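A.B. asks: after the sequence you'll find the predicted model.
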Amino acid sequence: MSLLHATWLPAIRTASSSDGPALLIWADAWKVAEPSGPKETPAIHPFALDPENLRIWLKSKNLLPDGIMDASACLTLPSRSINQKIQRNKTSNPEIEKNNDPEWIGFPLQAGEAIPKSPEWWPWQVKGLAISPSNATEWISKLPLSGKHNYLGEELRWWSHLQRWALSLIAKGRWLPQVELSRGEFYPHRARWVPLLNREDDRRRLEELAGSLPLVATCALPWKEGAINNNHLTTRLRLEAMREANPVASCRPRSGRLRVANLLSELIDAQLRKSFTKETSGLDPLLQAWQEALGSETGIISLPDEEVKRLSKASLHWKEGIAGNVAAARACLELVTPVKGDELWTLQFSLQAEADPTLRVPAATAWAAGSELLQIGEVSVENPGEVLLEGMGRALTVFPALERGLENPIPESMQLTPAEAFILVRTAAKELRDIGVGVELPPSLSGGLASRLGLAIQAEISTNSRELTLGQKLNWSWEFMIGGITLNLRELENLAAKKNPLILHKGAWLQLRPNDLKNAEKFSSAQIKLNLDDALRLTAAEDDTLMRLPVHQFEPGPMLQGVLEQYHQKKAPEPLATPEKFIGQLRPYQERGLGWLAFLHRFNQGACLADDMGLGKTIQLLAFLQHLKSEQELKGPTLLIAPTSVLTNWKREALAFTPDLQVLEHYGPKRSSTPAELNKVLKNIDLVLTSYGHIQRDVDLLKTINWQGIVIDEAQAIKNPNAKQSQATRAIAKVDKTKKFKIAMTGTPVENRVSELWALMDFLNPRVLGEEDFFHQRYRLPIERYGDMSSLKDLKARVSPFILRRLKTDKAIISDLPEKIELSEWVDLTKEQKELYKKIVSETLDRMSTGTNAQHHGKILGLLTKLKQICNHPSLFLKETNIDTEFINRSRKLQRLDEILEEVIDAGDRALLFTQFKEWGNLLQSYLQEKWKIEVLFLHGGSKKQERQAMIDRFQDDPRGPQLFLLSLKAGGVGLNLTRANHVFHIDRWWNPAVENQATDRAYRIGQENRVMVHKFITSNSVEEKIDQMIAKKSKLTEEVIGSGENWLSNLDVNQLRELVSLEDNEL
Amino acid sequence: MNNSTFQSDSNQNEITTAISNEGLSDQPWWVEQWMELINSYRFKKRLERAWTYARDGNVTSIRFEGRRVHARVQGTGEDPYKVKLWLDVLNDEDWQYVIEALIEKAKWSAQLLAGIMPSDIERAFAASGKRLFPFKLQEIRSECSCPDKANPCKHISAIYYLMGDRFSEDPFVLFQLRGRTRNTLLTDLAEKRSQALTNLINAQKQDISEKNNNKDYPPHPAILDPSLWWKYDKNLNADLVVITPCLGEDTGLESAGDLPLAEDPKFPNAKQKFIAHLLEQGKIISQKSILQAMSKED
């Protein structure tokens, strides 16, 4: 798959060219290539898409920018060496040969590719499309701000964040026009719009974006294709020159900051230039020329040198007062509280790293370093003394008291009167930060939340926790707290009476705000009662308040602590022993899952069990029901809703693990259709299985039943709140909602799917996320559109108590799991499949009543093949090649496969899918590619040798290679090494388990770093189940199967055969 | 800078009061000082005519070349007169004294680095027995190609006026006229400071230079981890989720204040118009960018 990249091309100005800056967009895709290296020009990037295909591809993604030109640039990329002896004996003249040999050969690395042991950095000539800055800003604005997109390089998100910042600066008017003098022979004087980065938040942002800059965004070298003919000297690339031009080798950490500031400047300039309309008349020639140039495309100012210089000085002087230069560090003023008994405060001068405000050195160190490089932590600061002085000079303009402190040559600190200290705390600190001077205040005065008046609370549960409910009143006490100091109302009143703006209390300096006392009095007289629900809420998010007072401290007693930790999942859930009548033994993490379900059940809260595929959600749920039954808490039936494709699985697992549970299927034409009928059959029933389809049809009927609980499996089925099955499910859950327990099960990472959370929580615990409109405005929009982290954090804090998700890779889980997990996926047949199946069986058996054994043998083989085809899909049997919208509905096996593959694709996993039918492979390949819009490989007996190797290489080596690999059992079952897959699917069964195991071992072998999940599809009651039984029982017959292939079939008589193939059609 | 009084005041007899009382009261101090110097000139009639020259745009060019000011003034003759203007330059020794004195107070270096002319800078110059500002008009040397024998003639005086404006564009022009550009001055200061510091904190310096002796920059993180070439896993900063205009704060234009550019007398109010237009455009463009930020598709 191609991956799109964007790299900034700086202006190239030489005698022969005056290329302005541009954004180069290009894409690379894995393919087989010959290694190459630079000669007189950089080597051509072997994986880059050519401009023509790039255009087509961009168009298909709806990403084709306006105003593009084919372009070629030289980018420095990490590269992989190929050790290849250069053969010098090929030509008679070794001299010539030597000159033409590249000094180095290899490949450029691609994003996501494994990094070789000793990577090198080499220039590569990359073809792509160049966009002018103003078109580039529009194009970048359309890129997504959040989320992973498998065809967009991550640096595109970096660009979209940079552009978002540019938009914000423009919206806030944080810019100034400037005049930029020529930087050399071919550079004209130009009018520029520049961003002002003096404010604290903008400076922080610059550090963030510089610190996280993906270097591909700025890795272009000043090189121009074709220039070689004009100027041999400048474009002939020598090894040293390349090393020198290599941005990494010559890049100091500080240059990231400057580069990003320059890019930002380019984006801002492009946008303001484009939008600016010049229209004012009556300007003098200077201003007129400036105005013209500010609105012109090139920005070139047409004025005599002398005048431009004058304009440039004036504009610089204009800007200087509010914004200094971009530097690695800034001057910082640190306010220190007075020593006990002293009146005066101390203001210490220091130098503070922009990247990390906690990195500071005292002024003395900066003075001592003079003009040498000073290291503050990891940050290198040039001219530290001047940086400090310059900042102090600007600080003087907003905090004049500072002047007294700058009377000697190398000042390190000064004294402030209480009044001056107050001014600094109250107003000057902010102004100073706005002009780019750091200010550090004592924590109790820093203006942060901790320095505000709030509460310190102690609470404990008053009764036996067994009987806990959310409304349970707690025993609690509280005190006021400010700046980390507790105080009572009287103390507060005394302090407020002092009228001092800054007050010393219990050894800390505090600042009271105008309304503090009033709020405190109000709170004191309110007589609030605190219940468990409040405690859960207050401990969920950091800045929650009680009557508008922030809660600074919450100290739960030991019992409450236990409940809170469990609730907030601060520790692994307490395990609950496997219930007695459960057949089998739960794994330790499954017992913790059971404990967690029981814990939330006790508080009458809905729970979403979102464990990774293969961790046994089904048996945890069954164990939970068995636990309720054993405790005699199961008093009515529980309704379980699942996709049709997994109902068979549920039935079988319930039978196997919890035979004590009475299970009823509410499914098919024979199901009860009236409340009376249904109530009658529900007698003594513990668990009712039904499908999402039936829920829609029977919603009114099912609402009449007094369910004790509602469980939904594959809960993503209700993700769309407006879909009928989602509405019906939630409607049933909401009847007498307080009385029902609700559990949702899913293998998808629900927490990260904001759009799907609302319906899920509306089902589980409706009040947690409120109404849909509110949810949309408050969470979905900010998070999905802008990737708003604070909203996401808040949302996660709200929902995480109700979601338990454990991964196969969790350390605590790993020790409990085998390295290869075999899962049987039981499915049944659709009506169409069933009818076909029966028809073929009866026709064949009828015909077999005559004929010889030898003839029988052929017929039997043919019959088994046909039946297996029908179990896969009717189309396969009917030899159809067309895939329409009904395709998925005609096979249960396909439905189930589709559901599991969704999780596989979603998790970024890779899977091998084995089938014995080439035609099925073809159909599946088309279907899956269309459905998931991904590439699916298919290796079969007809694949050419070269194609095979290419598919295998891509699957193993391409960083963005296909996730799904279909293989025919015979062609792909042996010899291949496909360890990148961690899922193996056996879509249809083979008589011989050894063949299946060999196929499985394509992935499960040396080199596999992950746990391998093996999914075996078995159509229940069909020939596939019989085969499975035979293999499982290791019967004599099976040994024969293993030993002699299919020969044993010929020995079957008609009755044996009938037993083997006939469809046991029970109630389904 | 606000020159509106100049233009609105049609009565030329009141120039002096207009300048000292209101017109330039919010000027930087060094401009004010310069204007005071001019107004100390005894021949008021000549000043009036000079002011008319300046206001009517008879001065066709002013250039600062090294330590001299070169100007052309259109007089009654066909060709403009050439005017040269200069101050006594401080010699290297004088500058040594000045620089040593400047080092004494961190404040001076701090302000000069931040582009501010310290109000008490003359105290540093006093160390050399010299001044930065001319004390008397006679200290301003000048030549004019006009036939008028008097010095300053009205052409020269016209330049006086306009130079005041130029000082507000760049206060360091004065240093230049005295023999040091801002850059050379700052370089000299830095050098001197490090010398002074070497003496002052010798012991400390050794300590630190040992620590900082390592001239090898730490390798870029991407050298150690080339996957950083493509990696970006940050989320959008919460402050950028919703894009707003300036709320209760100044825009860059507003906080930068008046553009320190001398006005061309022939184009009254040009600067105000220029800035007003920028402000207006800024608002329109701000709105546009907010809309663009909002209309982002999913």
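C.D. replies: Yep, that arrived.

A.B. asks: buried stuff in the helix or strand containing A:Cys74?
C.D. replies: In this assignment (DSSP states H and E), A:Cys74 forms part of strand A:68-81. Residues A:68, A:71-81 are the ones in strand A:68-81 that count as buried (16 or more other CB atoms under 10 Å in any protein chain shown). From N, CA and C alone the C-beta is placed, and that goes for glycine too.

A.B. asks: one more: stretch A:270-288?
C.D. replies: Across stretch A:270-288, burial judged by 16+ other CB under 10 Å covers A:270-276, A:278, A:280, A:283-284, A:286-288.

A.B. asks: lowest-confidence entry in those?
C.D. replies: The weakest per-residue confidence within the buried residues of stretch A:270-288 falls on A:Thr280 (77).

A.B. asks: helix, strand or coil for A:Leu807?
C.D. replies: coil (DSSP: H, G, I helix; E, B strand; the rest coil).

A.B. asks: so it makes contact with A:Ile813?
C.D. replies: Yes: between A:Leu807 and A:Ile813 a contact is recorded at 6.9 Å, counting by CB atoms under 8 Å.

A.B. asks: next SSE after the single longest helix found in chain A?
C.D. replies: What stands out as the longest helix in chain A, according to DSSP state H, is helix A:253-275. For helix A:253-275, the following helix or strand on the C-terminal side (DSSP H and E) is helix A:285-295.

A.B. asks: ok, is that next one in contact with chain B or not?
C.D. replies: Yes: against chain B, helix A:285-295 shows contacts by CB under 8 Å from any CB of the partner chain at A:285-287, A:290-291.

A.B. asks: angle of that helix against helix A:253-275?
C.D. replies: Computed by axes from the mean of the first three to the mean of the last three CA atoms, to 10 degrees, the angle separating helix A:285-295 from helix A:253-275 equals 100 degrees.

A.B. asks: which strands and helices sit next to helix A:285-295?
C.D. replies: Helices and strands touching helix A:285-295, by 3 or more CB pairs under 8 Å, 6 or more residues apart in numbering or on different chains; DSSP states H and E, are strand A:175-180, strand A:190-195, helix A:253-275, helix A:305-320, helix B:270-294.

A.B. asks: right, so of the ones you listed, which gets closest to A:Glu902?
C.D. replies: Set against A:Glu902 and scored by CB to CB, the helices and strands packed on helix A:285-295 come closest in helix B:270-294, at 33.1 Å.

A.B. asks: angle of the closest one against strand A:190-195?
C.D. replies: Angle, helix B:270-294 to strand A:190-195, by the same axes, to 10 degrees: 50 degrees.

A.B. asks: how far does helix B:270-294 sit from the chain's center?
C.D. replies: Here the centre of helix B:270-294 is set off from its chain's centre by 26 Å, with CA atoms, centre = their mean, to the nearest Å.

A.B. asks: so for it, mean pLDDT?
C.D. replies: Across helix B:270-294, pLDDT averages out at 92.

A.B. asks: quick one on the thing from earlier: now the helices and strands packed on helix A:285-295 in a markdown table, with distance to A:Lys518?
C.D. replies: Converted to a markdown table, the helices and strands packed on helix A:285-295 look like this (distance: least, CB to CB, whole Å):
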| stretch | distance to A:Lys518 |
| --- | --- |
| strand A:175-180 | 42 |
| strand A:190-195 | 42 |
| helix A:253-275 | 45 |
| helix A:305-320 | 45 |
| helix B:270-294 | 37 |
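
A.B. asks: to A:Asp516, which of these lies closest?
C.D. replies: Evaluated over the helices and strands packed on helix A:285-295, closeness to A:Asp516 peaks at helix B:270-294, with 35.9 Å, by CB to CB.

A.B. asks: what is the nearest of the residues of helix A:285-295 next to chain B to chain B?
C.D. replies: A:Leu287 (4.7 Å; CB to the nearest CB).

A.B. asks: surely that closest one is in contact with B:Lys271?
C.D. replies: Yes: the criterion here is CB under 8 Å, and A:Leu287 meets it with B:Lys271 at 6.9 Å.

A.B. asks: now do the shared contacts for the two.
C.D. replies: Shared contacts of A:Leu287 and B:Lys271 (CB atoms under 8 Å, 6 or more residues apart in numbering or on different chains): B:Leu261.

A.B. asks: which regions of the chain sit below the pLDDT cut-off?
C.D. replies: No chain specified, so I'll use chain A. Residues of chain A meeting the criterion pLDDT under 70: A:14-18, A:84-103, A:223-255, A:371, A:463-469, A:542-543, A:737-738, A:851-855, A:1033-1052, A:1065-1068.

A.B. asks: ah, no, chain B please
C.D. replies: For chain B, the stretches with pLDDT under 70 are B:1-26, B:199-220, B:296-298.

A.B. asks: spatially central residue in it, please.
C.D. replies: For chain B, the residue nearest the mean C-alpha position is B:Asp170 (1.9 Å; CA atoms, centre = their mean).

A.B. asks: relative to A:Gly393, how far out is it?
C.D. replies: As judged by CB to CB, to the nearest Å, B:Asp170 and A:Gly393 stand 16 Å apart.

A.B. asks: and what of A:Gly377?
C.D. replies: 25 Å.

A.B. asks: who has more neighbours, the two?
C.D. replies: A:Gly393 (27 against 12; other CB atoms under 10 Å in any protein chain shown).

A.B. asks: thought that one was touching B:Lys105?
C.D. replies: No: A:Gly393 lies out of contact with B:Lys105 (CB under 8 Å); the separation is 11.7 Å.

A.B. asks: on the three-state scheme, residue 38 is what?
C.D. replies: I'll assume chain A. Recorded secondary structure, A:Pro38: coil (three-state DSSP).

A.B. asks: tell me if I'm right that it and A:Ile105 touch.
C.D. replies: No: A:Pro38 is beyond contact range of A:Ile105, at 9.2 Å (criterion: CB under 8 Å).

A.B. asks: contacts only, for the residue of the stretch 101-250 of chain A found nearest chain B.
C.D. replies: Scanning the stretch 101-250 of chain A for the residue nearest chain B gives A:Gly173, at 2.9 Å (criterion: CB to the nearest CB). Each residue near A:Gly173 by CB under 8 Å, 6+ apart is listed here: B:245-246, B:251-254, B:282-283, B:286.
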